[in-house]
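**Q** would you be able to build a 3D model of this:
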Amino acid sequence: MLTEWIRQRARQKASIAADARRLIESFQDAAYFEARERVRGRCLDGTRGARYWTKVKFEIARRQGIAIGLCGADLR
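**A** As a prediction, the model looks like this:
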């Protein structure tokens, strides 16, 4: 049971990484914003839910070095 959970989590992480890579290849610098639109449901892409696209969005932010949740004053 635990090993199945670990396998499922590994598959999900691989899927998130693949979608992040695909969006970065397709949209370059706008990939984060495209993922954000998918979280909001403005772009339909299969049966993926908002929670999934949020994880993809965070992966894209990590790969592109985008600071999330910081106001402008904190970035100086």
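**Q** check contacts around the residue nearest in space to the middle of the chain.
**A** When the chain is reduced to its mean C-alpha position, the nearest residue by C-alpha atoms, centre = their mean turns out to be residue 56, at 1.2 Å. If a contact means C-beta atoms under 8 Å, 6 or more residues apart in numbering, then residue 56 has 16, 19, 20, 23, 35, 38 as its contacts. For the C-beta atoms, the positions are set from N, CA and C on the backbone; glycine is no exception.
**Q** which of the residues you listed ranks first by neighbour count?
**A** With neighbours defined as other C-beta atoms under 10 Å, the most crowded of these is residue 35; it has 25 neighbours.
**Q** contacts only, for that one.
**A** If a contact means C-beta under 8 Å, 6+ apart, then residue 35 has 20, 23, 53, 56, 57, 60 as its contacts.
**Q** just residue 27 next, same as before
**A** Applying C-beta under 8 Å, 6+ apart, one finds that residue 27 lies in contact with 33, 34.
**Q** ranges for the helices of the chain?
**A** According to DSSP state H, the chain carries its helices in the segments 2-27, 31-39, 50-64.
**Q** so which of the ones you listed is the most packed in?
**A** Each of those was given a mean neighbour count from mean count of other C-beta atoms under 10 Å, and the largest, a mean of 20, is that of helix 31-39.
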